[in-house]
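Visitor: Return a 3D structure for these sequence lines:
(2 chains)
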Amino acid sequence: MSVYPYIVAAWLLGAGLYGVMSSRNYVHLIICLTVMQASTYVLLLSVGYVSHGKAPIFADIPTNSTVVDPVVQALSLTDVVVEATVVALLLALVVQANKRFGTVDPNAMTRMRG
Amino acid sequence: MSQLAPLAVAVPLLGAALLILCQRLLPRSAPELLAVGIALATTGMTTLLLVHVGHGLTVYWFGGWHPRQGVAIGIDFSVSAIGVGLAAFVSLLMVLALIYGLRHLDVQHPYYHVLMLTFMAGMVGFCLTGDLFNMFVMFEVMSVSAVALVGYKIGEGAALEGGLNFAVINTIGAFLFLLGIALIYAHTGALNLAQMGASLRHGGDDRVVVIAFTLIVGALLIKAAVVPFHFWLADAYAVALTPVCLLLAGAMSELGIYGIGQVWFTAFQGALGPHADVVRAIFVGAGLLTALWGGAMALTEDHLKRLLAFVTISFVGVFLIGMGLLSQAGVAGTAVYVLADGFGKALLFACVGIVQHRLGKVGQHRLHGRARSLAATGVLFAAGGVLITSMPPFGPFLGKSMIDDAAIKAGYGFVPPLVALASALCGAAVLRAGARVFCGWGEVSRDAPDLADEDTGPETRGSHARTPATMFIPAVLLLAGAVATGVWSGLPGLAATAAHRFTDFTGYYAAVFGTARHLGSVGSSSPEWFDYLYGAAATGLAIVLAGLELWGERVVPGWRPARAAGAAAIRPVRSLHSGRVGDYTAALALGIGVFGALLAATLA
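Guide: Next comes the predicted model:
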């Protein structure tokens, strides 16, 4: 198993994190969060990958074939569903914030400081 | 009986779905009563389970997928007394919170009740599960529900900001959790905590284990709001609806601490056990920093709910010390302290909610002396303030003395005085606030009013001329709970036995993989003489500090410069709470980096 998927995962995590830290627009910030999330997909799928493995569906392949790990695929799928909810909720809050403040800049929303 | 475990999660979820489906058909007050009924049912189920579990461990395999040859095929709920006890506490708090909001909360839709029920389902599931990925899912269920509840008053700017900060930081935490799960799954091939623990005992590549541990525990530290991961909490808890605050402060932060114990004692103890000293030192250090930071910030805060949010942070630090001692005695003390202190903090929030209902404000200087007519609420608030300073012999004192004794046994003799100082700071902040608001003592603060205060209006409907019984009675019950945990002499013994089961991996593994083993009960020691001393000193110091804050400028000549110096010292810390989510994320990244580096450097 090559080391590249892990490097890609680390890169996506770091790039997304940097984006969240420096973003001046909440919609952009949420997209940076989904970039971070992509890193979890890459890591999960690369963890379960088997060289020359087939998709783990035994309907049309012999039961003794080499297949990739179905567990991590199930985890990724669950993760997709869960985080879709989170992103939807975040975007809904941002829409409300835009109505209320007339801006989507996180740095302009600091009423609770100190 | 073990079927009750999945039902305790399924019933609130089904109830939530039912409320959404039938919202057009049901009369207006039905969702409220139905939600209370479901929370009561969950409390009943978890309490029955707690009695049934006793010294043992009840394991439920979903779909009947029992393990084969030491390999978990399905997902299990592994119910320990500590876990289900916490779940019962959560559902009890939920009952009180729902009653507290009954008919007076200004929420028109059944969504509030739906979210409260899913929130409870997530928290209960988190306490019961024996599967790491399931733990992540429950972590997210409770986070998403909690975010929606914090941002519920979308008309208020501060609520939106608090909700957004909460959501962004906790979502990053969730990603870290999932990355950790992926790494540890790659290493052990297991998601089941018992199987993972057994696999990790056989050693292997330490580096992957350390990275996974950093990520998973880091995520739980974010949930628990340990410094420097705590910034979101102050913003979120300050703006949530009061019944939600009861749950957030009373239970959700503590779940992060519970999660750390759960993953340590089941999964990671085997691999990192030889380095437990390092892990312990990190947890105790971070806990002390958090306890003092929260206490100091509470003392500078004008906004009552935000003040209590910092009190919550301070106590999370003490819980982390207790759990982070990684010993049976530490876990037992933390269990008692979480229970007693959870009641205490929920009580304080409940009192602030009553003030907000009657006077429509939560800023100390704006309320100065205006709550004189709310004598009964004032008494409850003062009682809560005294309780959290851990005055003997009440519940918080019992829990704190157990943690102190465990810390001294582990060689951390400097912990008890510092924890007492943190309790005194929190108590002083609360008592000072109570004296100002309910008695009008001291001078009207010259500090500039908080912006946030102007943004928070009344959250209740109906007449504001009197305190409804549905708000007052839960507060009284919360006070009774905090007092009773200290008076009930059997509690320390039960907690000690439960903690023994919680920390024993061999027994846990045996129960999950089919060969149940009975563990005897263990004794617990009663508080030592110096525990009473620390408790009394903390209470005394809190009262003196509060008095100095109120009248010190007139009575004590040196107090004014001393106070100015203190205020100058805390100003840089205060300015770190900038409200900017980017800054919070940077602090989070720094914290995770330092935590990982400390672990890696000492294990290398």
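Visitor: and the residue of chain B nearest chain A?
Guide: For chain B, the residue closest to chain A is residue B:579, as judged by CB to the nearest CB, at 3.3 Å. (Glycine included, C-beta is placed from N, CA and C.)
Visitor: In a strand, that residue, correct?
Guide: No. Under DSSP: H, G, I helix; E, B strand; the rest coil, residue B:579 falls outside any strand and is assigned coil.
Visitor: hang on, isn't it packed against residue B:160?
Guide: No. In this structure residue B:579 lies outside contact range of residue B:160 using CB atoms under 8 Å: 11.9 Å.
Visitor: quick one, phi/psi of the residue of chain B closest to chain A?
Guide: Here is the backbone geometry of residue B:579 (degrees, to the nearest 10): phi 80, psi 0.
Visitor: Number of residues surrounding it?
Guide: 23 (other CB atoms under 10 Å in any protein chain shown).
Visitor: any idea how far it is from residue B:234?
Guide: 9 Å (CB to CB, to the nearest Å).
Visitor: now residue A:104
Guide: For residue A:104, the distance to residue B:234 equals 23 Å [CB to CB].
Visitor: residues in contact with the residue lying closest to residue B:485 once chain neighbours are set aside?
Guide: Excluding the flanking residues, the one nearest residue B:485 by CB to CB, 6 or more residues apart in numbering or on different chains is residue B:395, at 3.2 Å. Residues counted as contacts of residue B:395 (CB atoms under 8 Å, 6 or more residues apart in numbering or on different chains) are B:336, B:339-341, B:343-344, B:387, B:481-486.
Visitor: Identify those among these that sit within helices.
Guide: Those of these mapping onto helices are B:336, B:339-341, B:343-344, B:387, B:481-486, per DSSP state H.
Visitor: Rebuild those as CSV, extending it with neighbour count and pLDDT.
Guide: As requested, the ones in helices among the contacts of residue B:395 are exported to CSV (neighbours: other CB atoms under 10 Å in any protein chain shown; pLDDT from 0 to 100):
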residue, neighbour count, pLDDT
B:336, 29, 95
B:339, 26, 94
B:340, 27, 93
B:341, 30, 93
B:343, 29, 94
B:344, 33, 94
B:387, 27, 92
B:481, 22, 93
B:482, 25, 91
B:483, 19, 90
B:484, 16, 90
B:485, 26, 88
B:486, 21, 84
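Visitor: per-residue pLDDT, the nearest residue to residue B:134 once chain neighbours are set aside?
Guide: Leaving aside its sequence neighbours, residue B:134 sits nearest to residue B:75 (CB to CB, 6+ apart; 5.4 Å). What the model reports as pLDDT for residue B:75 is 93.
Visitor: How much space separates residue B:75 from residue B:491?
Guide: 32 Å.
Visitor: Which secondary structure element of chain B has the lowest mean pLDDT?
Guide: helix B:451-455 (a mean of 48; mean pLDDT, DSSP states H and E).
Visitor: now do chain A
Guide: helix A:70-101 (a mean of 92).
Visitor: okay, the ones in helices among the contacts of residue B:395 in a markdown table with distance to residue B:50 next?
Guide: Below are the ones in helices among the contacts of residue B:395 laid out as a markdown table (distance: CB to CB, whole Å):
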| residue | distance to residue B:50 |
| --- | --- |
| B:336 | 15 |
| B:339 | 12 |
| B:340 | 17 |
| B:341 | 19 |
| B:343 | 17 |
| B:344 | 21 |
| B:387 | 24 |
| B:481 | 16 |
| B:482 | 19 |
| B:483 | 21 |
| B:484 | 16 |
| B:485 | 15 |
| B:486 | 20 |
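Visitor: Any part of stretch B:595-604 near chain A?
Guide: No. Contact of stretch B:595-604 with chain A (CB under 8 Å from any CB of the partner chain) is absent, the minimum separation being 12.9 Å.
Visitor: Export that stretch to PDB, keeping only CA atoms.
Guide: Taking Å, rounded to 0.1, in the frame of the first residue of the first chain, the C-alpha atoms of stretch B:595-604 are listed here in PDB:
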ATOM      1  CA  PHE B 595      -1.000  17.500  23.200                       C
ATOM      2  CA  GLY B 596       0.300  15.200  20.400                       C
ATOM      3  CA  ALA B 597       3.900  16.500  20.700                       C
ATOM      4  CA  LEU B 598       4.000  16.000  24.500                       C
ATOM      5  CA  LEU B 599       2.800  12.400  24.100                       C
ATOM      6  CA  ALA B 600       5.100  11.700  21.200                       C
ATOM      7  CA  ALA B 601       8.200  13.300  22.800                       C
ATOM      8  CA  THR B 602       7.800  11.300  26.000                       C
ATOM      9  CA  LEU B 603       7.000   8.000  24.300                       C
ATOM     10  CA  ALA B 604       9.700   8.200  21.700                       C
END
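Visitor: Tell me the confidence at residue B:549?
Guide: pLDDT, residue B:549: 87.
Visitor: now swap in residue B:544 and tell me
Guide: For residue B:544, pLDDT reads 90.
Visitor: Got phi/psi on residue B:413?
Guide: Given degrees, to the nearest 10, the pair of backbone angles that residue B:413 has is phi -60, psi -20.
Visitor: what's near enough to touch it?
Guide: Shown in contact with residue B:413 (CB under 8 Å, 6+ apart): residue B:407.
Visitor: Can you tell me which residues in the stretch 151-300 of chain B are near chain A?
Guide: Selection of the stretch 151-300 of chain B residues close to chain A by CB under 8 Å from any CB yields B:151, B:154-155, B:157-158, B:160-165, B:167-168, B:171-172, B:174-175, B:178-179, B:181-183, B:185-186, B:191, B:234-235, B:238-239, B:300.
Visitor: just to revisit the earlier point, please, which helix or strand holds the residue lying closest to the residue of chain B closest to chain A once chain neighbours are set aside?
Guide: Distance criterion CB to CB, 6+ apart; nearest residue to residue B:579, sequence neighbours excluded, is residue A:110 at 3.3 Å. Residue A:110 is part of no helix or strand, with elements assigned from DSSP states H and E.
Visitor: hang on, the earlier thing: show me which of residue B:75 and residue B:491 is the more surrounded one.
Guide: Higher neighbour count among residue B:75 and residue B:491: residue B:491, with 21 against 18, using other CB under 10 Å.
Visitor: right, and residue B:464 touches residue B:356 too?
Guide: No. Counting by CB under 8 Å, residue B:464 sits too far from residue B:356 to count as a contact (9.8 Å).
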